[in-house]
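Chemist: Here is my input, please return the structure:
(one chain, ligands or ions: 1)
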Amino acid sequence: MTAVELDLEKVGAVAQQVVGLATGAATSAMILVGDRLGLYAALAAEGAVTPQRLADTTGTAERYVREWLAQQAAVGLVTYDPESGTFTLPPETAAVLAIDDSPAAMTGMCVLTEGLFRDIGPLVEAFRTGQGIPWGDHDPAVFRGTERSFGAMYRASLVSEWVPALDGVAEKLEAGALVADVGTGYGLPVILLAQAFPRSQFVGYDLHAPSIEVARQRAKEAGVADRVRFEVNYCQGYPQEGYDVITFFDAFHDLGDPVGSGAYARHALAPGGSLVLVEGRAEDDLATNLAENPVAPFGYAASTFLCVGNSLSQPVGTALGAQAGLKRLREVLEQAGFSDVRHVADSMINMVVQARV
Ligand SMILES: C[S@@+](CC[C@H](N)C(=O)[O-])C[C@H]1O[C@@H](n2cnc3c(N)ncnc32)[C@H](O)[C@@H]1O
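Modeler: Alright, predicted model coming up:
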(Lines give C-alpha, C1' and ligand atoms only; values in the text may rest on other atoms or scores of the structure.)
Protein backbone atom coordinates (compact mmCIF):
# COMPACT_ATOMS: atom_id res chain seq x y z
CA MET A 1 0.00 0.00 0.00
CA THR A 2 1.36 3.46 -0.87
CA ALA A 3 1.79 5.76 2.11
CA VAL A 4 -0.57 8.74 1.81
CA GLU A 5 0.11 11.98 3.60
CA LEU A 6 -3.04 12.83 5.50
CA ASP A 7 -4.43 16.32 5.79
CA LEU A 8 -4.99 16.26 9.55
CA GLU A 9 -7.45 19.12 9.44
CA LYS A 10 -9.61 17.13 7.04
CA VAL A 11 -9.27 14.01 9.22
CA GLY A 12 -10.51 16.09 12.15
CA ALA A 13 -13.46 17.33 10.11
CA VAL A 14 -14.42 13.78 9.06
CA ALA A 15 -14.07 12.55 12.65
CA GLN A 16 -16.32 15.37 13.78
CA GLN A 17 -18.83 14.50 11.06
CA VAL A 18 -18.93 10.87 12.24
CA VAL A 19 -19.38 11.99 15.85
CA GLY A 20 -22.33 14.07 14.64
CA LEU A 21 -23.80 11.10 12.77
CA ALA A 22 -23.38 8.79 15.77
CA THR A 23 -24.93 11.46 18.00
CA GLY A 24 -27.89 11.52 15.62
CA ALA A 25 -28.30 7.74 15.88
CA ALA A 26 -28.01 7.84 19.69
CA THR A 27 -30.50 10.71 19.83
CA SER A 28 -32.91 8.70 17.66
CA ALA A 29 -32.82 6.04 20.40
CA MET A 30 -33.39 8.70 23.08
CA ILE A 31 -36.34 10.09 21.08
CA LEU A 32 -37.92 6.63 21.03
CA VAL A 33 -37.51 6.37 24.81
CA GLY A 34 -39.26 9.73 25.23
CA ASP A 35 -41.95 8.73 22.75
CA ARG A 36 -42.74 5.40 24.43
CA LEU A 37 -42.90 6.89 27.92
CA GLY A 38 -45.03 9.87 26.85
CA LEU A 39 -42.30 12.32 27.92
CA TYR A 40 -42.77 14.64 24.92
CA ALA A 41 -46.55 14.69 25.28
CA ALA A 42 -46.20 15.53 29.00
CA LEU A 43 -43.58 18.23 28.29
CA ALA A 44 -45.90 19.74 25.67
CA ALA A 45 -48.79 19.79 28.12
CA GLU A 46 -46.88 20.98 31.21
CA GLY A 47 -44.69 23.86 29.99
CA ALA A 48 -41.51 24.39 32.08
CA VAL A 49 -40.89 21.38 34.35
CA THR A 50 -38.31 20.06 36.75
CA PRO A 51 -37.16 16.46 36.21
CA GLN A 52 -39.11 15.50 39.35
CA ARG A 53 -42.32 17.02 38.02
CA LEU A 54 -41.92 15.28 34.63
CA ALA A 55 -41.19 11.98 36.39
CA ASP A 56 -44.27 12.39 38.60
CA THR A 57 -46.63 13.19 35.72
CA THR A 58 -45.39 10.27 33.60
CA GLY A 59 -44.96 7.66 36.35
CA THR A 60 -41.22 7.36 35.70
CA ALA A 61 -38.05 7.48 37.82
CA GLU A 62 -36.58 10.95 38.38
CA ARG A 63 -32.91 9.96 38.00
CA TYR A 64 -33.44 8.52 34.51
CA VAL A 65 -35.67 11.45 33.49
CA ARG A 66 -33.03 13.96 34.64
CA GLU A 67 -30.37 12.30 32.47
CA TRP A 68 -32.72 12.07 29.48
CA LEU A 69 -33.61 15.77 29.79
CA ALA A 70 -29.92 16.68 29.96
CA GLN A 71 -29.29 14.83 26.69
CA GLN A 72 -32.31 16.42 25.01
CA ALA A 73 -31.06 19.85 26.10
CA ALA A 74 -27.54 18.99 24.89
CA VAL A 75 -28.83 18.41 21.35
CA GLY A 76 -31.16 21.42 21.54
CA LEU A 77 -34.51 19.65 21.47
CA VAL A 78 -35.51 21.11 24.87
CA THR A 79 -34.29 24.29 26.54
CA TYR A 80 -32.82 24.40 30.06
CA ASP A 81 -33.21 27.27 32.53
CA PRO A 82 -30.38 26.96 35.11
CA GLU A 83 -32.03 29.42 37.52
CA SER A 84 -35.23 27.47 38.00
CA GLY A 85 -33.74 24.09 37.08
CA THR A 86 -36.59 23.57 34.61
CA PHE A 87 -36.73 22.19 31.08
CA THR A 88 -39.12 23.34 28.33
CA LEU A 89 -40.18 21.78 25.07
CA PRO A 90 -40.47 24.58 22.46
CA PRO A 91 -43.74 24.41 20.47
CA GLU A 92 -41.73 23.83 17.27
CA THR A 93 -40.16 20.69 18.78
CA ALA A 94 -43.60 19.62 19.99
CA ALA A 95 -44.90 19.86 16.39
CA VAL A 96 -42.20 17.42 15.29
CA LEU A 97 -42.01 15.03 18.26
CA ALA A 98 -45.08 15.35 20.51
CA ILE A 99 -48.01 15.53 18.10
CA ASP A 100 -48.22 12.50 15.84
CA ASP A 101 -50.85 13.82 13.46
CA SER A 102 -48.94 17.08 12.95
CA PRO A 103 -47.78 17.52 9.33
CA ALA A 104 -44.25 17.96 10.71
CA ALA A 105 -44.26 14.71 12.78
CA MET A 106 -40.91 12.93 12.40
CA THR A 107 -40.76 10.31 15.16
CA GLY A 108 -41.57 7.67 12.52
CA MET A 109 -38.12 8.15 10.96
CA CYS A 110 -36.57 7.19 14.31
CA VAL A 111 -38.80 4.10 14.50
CA LEU A 112 -37.69 3.15 10.98
CA THR A 113 -34.07 3.69 12.00
CA GLU A 114 -34.58 1.36 14.97
CA GLY A 115 -35.72 -1.29 12.47
CA LEU A 116 -32.64 -0.72 10.29
CA PHE A 117 -30.31 -1.25 13.26
CA ARG A 118 -32.10 -4.49 14.14
CA ASP A 119 -31.64 -5.70 10.54
CA ILE A 120 -27.88 -5.13 10.26
CA GLY A 121 -27.09 -8.88 10.60
CA PRO A 122 -29.28 -10.08 7.70
CA LEU A 123 -28.15 -7.18 5.50
CA VAL A 124 -24.45 -7.97 6.05
CA GLU A 125 -25.18 -11.56 5.05
CA ALA A 126 -27.09 -10.42 1.95
CA PHE A 127 -24.13 -8.28 0.86
CA ARG A 128 -22.01 -11.47 0.99
CA THR A 129 -24.46 -13.75 -0.85
CA GLY A 130 -26.23 -11.27 -3.13
CA GLN A 131 -29.55 -12.86 -2.08
CA GLY A 132 -32.69 -10.75 -1.66
CA ILE A 133 -34.43 -9.94 1.64
CA PRO A 134 -38.26 -10.19 1.41
CA TRP A 135 -40.13 -7.31 3.06
CA GLY A 136 -41.73 -9.70 5.55
CA ASP A 137 -38.32 -10.79 6.92
CA HIS A 138 -37.65 -7.38 8.45
CA ASP A 139 -38.02 -6.43 12.09
CA PRO A 140 -41.59 -5.20 12.82
CA ALA A 141 -40.13 -1.76 13.73
CA VAL A 142 -39.62 -1.37 9.97
CA PHE A 143 -43.36 -1.81 9.30
CA ARG A 144 -44.38 0.50 12.16
CA GLY A 145 -41.77 3.07 11.17
CA THR A 146 -42.88 3.00 7.52
CA GLU A 147 -46.49 3.66 8.47
CA ARG A 148 -45.61 6.38 10.93
CA SER A 149 -43.01 8.24 8.89
CA PHE A 150 -44.92 8.25 5.59
CA GLY A 151 -48.17 8.78 7.51
CA ALA A 152 -47.34 12.39 8.35
CA MET A 153 -46.81 13.15 4.66
CA TYR A 154 -49.94 11.29 3.56
CA ARG A 155 -52.08 13.13 6.14
CA ALA A 156 -50.63 16.48 5.14
CA SER A 157 -50.69 16.12 1.34
CA LEU A 158 -52.64 13.20 -0.09
CA VAL A 159 -56.22 14.49 -0.05
CA SER A 160 -55.53 18.24 0.00
CA GLU A 161 -52.70 18.46 -2.59
CA TRP A 162 -51.92 15.24 -4.47
CA VAL A 163 -55.45 14.15 -5.46
CA PRO A 164 -56.38 17.64 -6.79
CA ALA A 165 -53.13 17.65 -8.82
CA LEU A 166 -54.08 14.41 -10.61
CA ASP A 167 -55.94 14.98 -13.87
CA GLY A 168 -59.55 13.78 -13.60
CA VAL A 169 -59.05 11.64 -10.48
CA ALA A 170 -60.78 13.81 -7.84
CA GLU A 171 -63.95 13.91 -9.97
CA LYS A 172 -63.99 10.11 -10.28
CA LEU A 173 -63.40 9.64 -6.55
CA GLU A 174 -66.18 12.11 -5.73
CA ALA A 175 -68.63 10.38 -8.05
CA GLY A 176 -67.76 6.86 -6.84
CA ALA A 177 -64.70 5.05 -8.19
CA LEU A 178 -63.22 1.57 -7.80
CA VAL A 179 -59.65 1.91 -6.52
CA ALA A 180 -56.92 -0.68 -5.96
CA ASP A 181 -53.80 0.05 -3.91
CA VAL A 182 -50.91 -2.36 -4.55
CA GLY A 183 -48.21 -2.91 -1.90
CA THR A 184 -50.61 -1.40 0.60
CA GLY A 185 -48.74 -2.32 3.80
CA TYR A 186 -50.73 -1.09 6.82
CA GLY A 187 -53.08 0.69 4.38
CA LEU A 188 -53.06 4.24 5.76
CA PRO A 189 -53.35 6.13 2.43
CA VAL A 190 -56.28 3.94 1.37
CA ILE A 191 -58.06 4.68 4.64
CA LEU A 192 -57.45 8.43 4.24
CA LEU A 193 -58.89 8.28 0.71
CA ALA A 194 -61.90 6.27 1.89
CA GLN A 195 -62.60 8.85 4.61
CA ALA A 196 -62.42 11.69 2.08
CA PHE A 197 -64.38 10.00 -0.73
CA PRO A 198 -67.29 8.06 0.80
CA ARG A 199 -68.85 7.12 -2.56
CA SER A 200 -65.76 5.16 -3.68
CA GLN A 201 -64.77 1.54 -3.01
CA PHE A 202 -61.20 0.55 -2.20
CA VAL A 203 -59.18 -2.65 -2.11
CA GLY A 204 -55.59 -2.86 -0.84
CA TYR A 205 -53.30 -5.75 -1.91
CA ASP A 206 -50.05 -6.82 -0.31
CA LEU A 207 -48.15 -10.11 -0.26
CA HIS A 208 -47.27 -9.66 3.45
CA ALA A 209 -50.12 -11.32 5.37
CA PRO A 210 -49.30 -9.77 8.81
CA SER A 211 -49.48 -6.27 7.27
CA ILE A 212 -52.88 -7.09 5.73
CA GLU A 213 -54.13 -8.15 9.19
CA VAL A 214 -53.06 -4.78 10.64
CA ALA A 215 -54.60 -2.91 7.68
CA ARG A 216 -57.96 -4.65 8.23
CA GLN A 217 -57.87 -3.66 11.90
CA ARG A 218 -56.98 -0.05 10.99
CA ALA A 219 -59.96 0.08 8.56
CA LYS A 220 -62.31 -1.14 11.31
CA GLU A 221 -60.97 1.42 13.79
CA ALA A 222 -61.40 4.19 11.20
CA GLY A 223 -65.00 3.13 10.51
CA VAL A 224 -64.43 2.52 6.78
CA ALA A 225 -64.38 -1.30 6.68
CA ASP A 226 -67.64 -1.30 4.70
CA ARG A 227 -65.88 0.40 1.77
CA VAL A 228 -62.29 -0.79 2.18
CA ARG A 229 -61.11 -4.39 1.75
CA PHE A 230 -57.57 -5.60 2.30
CA GLU A 231 -56.45 -8.84 0.64
CA VAL A 232 -53.20 -10.81 0.53
CA ASN A 233 -52.11 -10.83 -3.08
CA TYR A 234 -49.08 -10.50 -5.32
CA CYS A 235 -48.71 -7.41 -7.53
CA GLN A 236 -49.21 -9.61 -10.59
CA GLY A 237 -51.99 -11.81 -9.20
CA TYR A 238 -54.91 -9.66 -8.01
CA PRO A 239 -58.23 -9.74 -9.89
CA GLN A 240 -58.16 -7.42 -12.92
CA GLU A 241 -61.56 -5.86 -12.23
CA GLY A 242 -61.54 -2.63 -14.22
CA TYR A 243 -60.30 -0.20 -11.57
CA ASP A 244 -60.68 3.52 -12.17
CA VAL A 245 -57.47 4.18 -10.24
CA ILE A 246 -54.58 1.91 -9.21
CA THR A 247 -52.14 3.37 -6.68
CA PHE A 248 -48.69 2.28 -5.49
CA PHE A 249 -47.62 4.23 -2.39
CA ASP A 250 -43.87 3.89 -1.93
CA ALA A 251 -44.09 0.36 -3.26
CA PHE A 252 -43.49 0.39 -7.05
CA HIS A 253 -39.69 0.56 -6.82
CA ASP A 254 -39.77 -2.32 -4.27
CA LEU A 255 -41.21 -4.78 -6.78
CA GLY A 256 -39.08 -7.43 -8.44
CA ASP A 257 -40.64 -6.72 -11.82
CA PRO A 258 -41.90 -3.14 -12.03
CA VAL A 259 -42.32 -3.33 -15.84
CA GLY A 260 -44.39 -6.55 -15.57
CA SER A 261 -46.36 -5.17 -12.61
CA GLY A 262 -47.04 -1.93 -14.47
CA ALA A 263 -48.26 -3.89 -17.51
CA TYR A 264 -50.42 -6.05 -15.22
CA ALA A 265 -51.94 -2.90 -13.69
CA ARG A 266 -52.54 -1.47 -17.19
CA HIS A 267 -54.70 -4.50 -18.01
CA ALA A 268 -56.49 -4.14 -14.65
CA LEU A 269 -57.52 -0.51 -15.29
CA ALA A 270 -60.90 0.48 -16.73
CA PRO A 271 -60.72 2.50 -19.99
CA GLY A 272 -59.48 6.01 -19.12
CA GLY A 273 -58.18 4.80 -15.74
CA SER A 274 -55.07 6.16 -14.03
CA LEU A 275 -52.05 4.55 -12.46
CA VAL A 276 -50.71 6.69 -9.61
CA LEU A 277 -47.22 6.25 -8.19
CA VAL A 278 -46.05 7.94 -5.01
CA GLU A 279 -42.30 7.49 -5.05
CA GLY A 280 -39.25 8.80 -3.21
CA ARG A 281 -38.30 12.27 -4.41
CA ALA A 282 -35.04 12.04 -6.33
CA GLU A 283 -33.11 13.66 -9.14
CA ASP A 284 -32.39 11.67 -12.29
CA ASP A 285 -28.67 11.13 -11.90
CA LEU A 286 -26.60 10.24 -8.85
CA ALA A 287 -24.35 13.33 -8.90
CA THR A 288 -27.31 15.75 -9.00
CA ASN A 289 -29.20 13.75 -6.40
CA LEU A 290 -26.18 13.83 -4.06
CA ALA A 291 -25.81 17.58 -4.57
CA GLU A 292 -29.43 18.68 -4.48
CA ASN A 293 -31.64 16.23 -2.61
CA PRO A 294 -31.59 16.79 1.18
CA VAL A 295 -33.34 13.46 1.82
CA ALA A 296 -30.95 11.43 -0.36
CA PRO A 297 -28.79 10.28 2.62
CA PHE A 298 -31.75 8.71 4.44
CA GLY A 299 -33.31 7.58 1.14
CA TYR A 300 -30.24 5.57 0.11
CA ALA A 301 -29.97 4.03 3.60
CA ALA A 302 -33.60 2.86 3.55
CA SER A 303 -33.15 1.68 -0.03
CA THR A 304 -30.04 -0.37 0.83
CA PHE A 305 -31.75 -2.02 3.82
CA LEU A 306 -35.26 -2.47 2.43
CA CYS A 307 -36.01 -1.69 -1.20
CA VAL A 308 -33.12 -3.28 -3.07
CA GLY A 309 -33.36 -6.51 -1.03
CA ASN A 310 -37.12 -6.89 -1.47
CA SER A 311 -36.86 -6.48 -5.22
CA LEU A 312 -33.94 -8.93 -5.44
CA SER A 313 -36.05 -11.50 -3.53
CA GLN A 314 -38.65 -11.57 -6.34
CA PRO A 315 -38.65 -12.78 -9.97
CA VAL A 316 -36.73 -10.47 -12.36
CA GLY A 317 -35.14 -8.55 -9.44
CA THR A 318 -34.88 -5.18 -11.19
CA ALA A 319 -33.97 -3.38 -7.92
CA LEU A 320 -34.84 0.14 -9.03
CA GLY A 321 -34.00 1.47 -5.55
CA ALA A 322 -35.92 4.13 -3.63
CA GLN A 323 -34.05 6.95 -5.39
CA ALA A 324 -34.71 5.87 -8.97
CA GLY A 325 -35.69 9.33 -10.23
CA LEU A 326 -38.41 10.40 -12.62
CA LYS A 327 -36.56 9.60 -15.87
CA ARG A 328 -36.06 5.94 -14.88
CA LEU A 329 -39.66 5.62 -13.62
CA ARG A 330 -40.93 7.09 -16.88
CA GLU A 331 -38.90 4.52 -18.87
CA VAL A 332 -40.37 1.69 -16.79
CA LEU A 333 -43.93 2.97 -17.21
CA GLU A 334 -43.48 3.41 -20.96
CA GLN A 335 -42.13 -0.14 -21.24
CA ALA A 336 -45.24 -1.22 -19.32
CA GLY A 337 -47.40 0.35 -22.05
CA PHE A 338 -48.30 3.77 -20.60
CA SER A 339 -47.88 6.63 -23.05
CA ASP A 340 -49.08 9.60 -20.96
CA VAL A 341 -46.78 9.88 -17.91
CA ARG A 342 -46.90 13.08 -15.85
CA HIS A 343 -45.09 14.28 -12.74
CA VAL A 344 -47.94 16.06 -10.95
CA ALA A 345 -46.80 16.91 -7.40
CA ASP A 346 -43.98 16.81 -4.85
CA SER A 347 -43.55 16.86 -1.10
CA MET A 348 -40.32 17.07 0.90
CA ILE A 349 -39.75 13.31 0.47
CA ASN A 350 -42.15 12.22 -2.27
CA MET A 351 -43.00 12.77 -5.91
CA VAL A 352 -46.35 11.86 -7.42
CA VAL A 353 -46.64 10.47 -10.94
CA GLN A 354 -49.81 9.83 -12.96
CA ALA A 355 -49.74 7.41 -15.90
CA ARG A 356 -52.42 6.70 -18.49
CA VAL A 357 -52.49 4.58 -21.62
C1 LIG B 1 -42.36 0.42 1.70
S2 LIG B 1 -43.78 -0.55 1.96
C3 LIG B 1 -45.07 0.64 1.63
C4 LIG B 1 -46.35 0.32 2.34
C5 LIG B 1 -47.48 1.32 2.14
N6 LIG B 1 -47.89 1.42 0.75
C7 LIG B 1 -47.12 2.68 2.68
O8 LIG B 1 -46.88 3.61 1.89
O9 LIG B 1 -47.04 2.83 3.91
C10 LIG B 1 -43.81 -1.59 0.53
C11 LIG B 1 -44.93 -2.64 0.57
O12 LIG B 1 -44.93 -3.35 -0.68
C13 LIG B 1 -45.23 -4.71 -0.41
N14 LIG B 1 -44.75 -5.54 -1.53
C15 LIG B 1 -43.47 -5.77 -1.88
N16 LIG B 1 -43.42 -6.58 -2.95
C17 LIG B 1 -44.71 -6.86 -3.30
C18 LIG B 1 -45.30 -7.63 -4.33
N19 LIG B 1 -44.54 -8.26 -5.24
N20 LIG B 1 -46.64 -7.72 -4.38
C21 LIG B 1 -47.41 -7.06 -3.45
N22 LIG B 1 -46.90 -6.31 -2.45
C23 LIG B 1 -45.56 -6.21 -2.38
C24 LIG B 1 -44.50 -4.98 0.90
O25 LIG B 1 -44.99 -6.17 1.54
C26 LIG B 1 -44.74 -3.68 1.66
O27 LIG B 1 -45.89 -3.76 2.44
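Chemist: which residues of the stretch 201-350 of the chain fall in helices?
Modeler: 209-222, 258-268, 286-292, 296-302, 308-312, 326-335 (DSSP state H, counting those that start in this stretch).
Chemist: and the residue of the stretch 251-357 of the chain nearest the ligand?
Modeler: In the stretch 251-357 of the chain, no residue comes nearer to the ligand than residue 251, which is 3.9 Å away by C-beta to the nearest ligand atom. Backbone N, C-alpha and C define where each C-beta goes, glycine included.
Chemist: mind checking pLDDT for that residue?
Modeler: You'll see residue 251 listed with a pLDDT of 98.
Chemist: repeat for residue 210
Modeler: 98.
Chemist: Verify the contact between it and residue 137 for me.
Modeler: No. Under the criterion of C-beta atoms under 8 Å, residue 210 is not in contact with residue 137, lying 11.5 Å apart.
Chemist: still on that earlier bit, can you tell me which of the helices of the stretch 201-350 of the chain comes nearest to residue 350?
Modeler: Nearest to residue 350, of all the helices of the stretch 201-350 of the chain, is helix 296-302, at 10.6 Å by C-beta to C-beta.
Chemist: Would that closest one count as contacting the ligand?
Modeler: No. Helix 296-302 is not in contact with the ligand by C-beta under 6 Å from any ligand atom; minimum separation 8.4 Å.
Chemist: helices and strands around that helix, which ones?
Modeler: For helix 296-302, the contact count by 3 or more C-beta pairs under 8 Å, 6 or more residues apart in numbering; DSSP states H and E identifies helix 107-118 as packing neighbours.
Chemist: Could you single out the most deeply buried of the helices of the stretch 201-350 of the chain?
Modeler: Neighbour counts averaged per stretch over those are highest for helix 308-312, at a mean of 23; criterion: mean count of other C-beta atoms under 10 Å.
Chemist: So that one, near the ligand or not?
Modeler: Yes. Interface with the ligand: helix 308-312 contributes residue 310 (C-beta under 6 Å from any ligand atom).
Chemist: Quick check: the gap between the residue of the stretch 251-357 of the chain closest to the ligand and residue 45.
Modeler: Distance of residue 251 to residue 45, given as C-beta to C-beta, to the nearest Å: 37 Å.
Chemist: same check, this time on residue 356
Modeler: Applying C-beta to C-beta to residue 356 and residue 45 gives a distance of 49 Å.
Chemist: Comparing these two, which residue is more hemmed in?
Modeler: Taking other C-beta atoms under 10 Å, residue 356 and residue 45 do not tie; residue 356 has more neighbours (17 against 13).
Chemist: buried sites along the longest strand along the chain?
Modeler: Scanning the chain for the strand with the most residues, using DSSP state E, yields strand 269-280. Using 16 or more other C-beta atoms under 10 Å as the test for burial, strand 269-280 gives 269, 273, 274, 275, 276, 277, 278, 279, 280.
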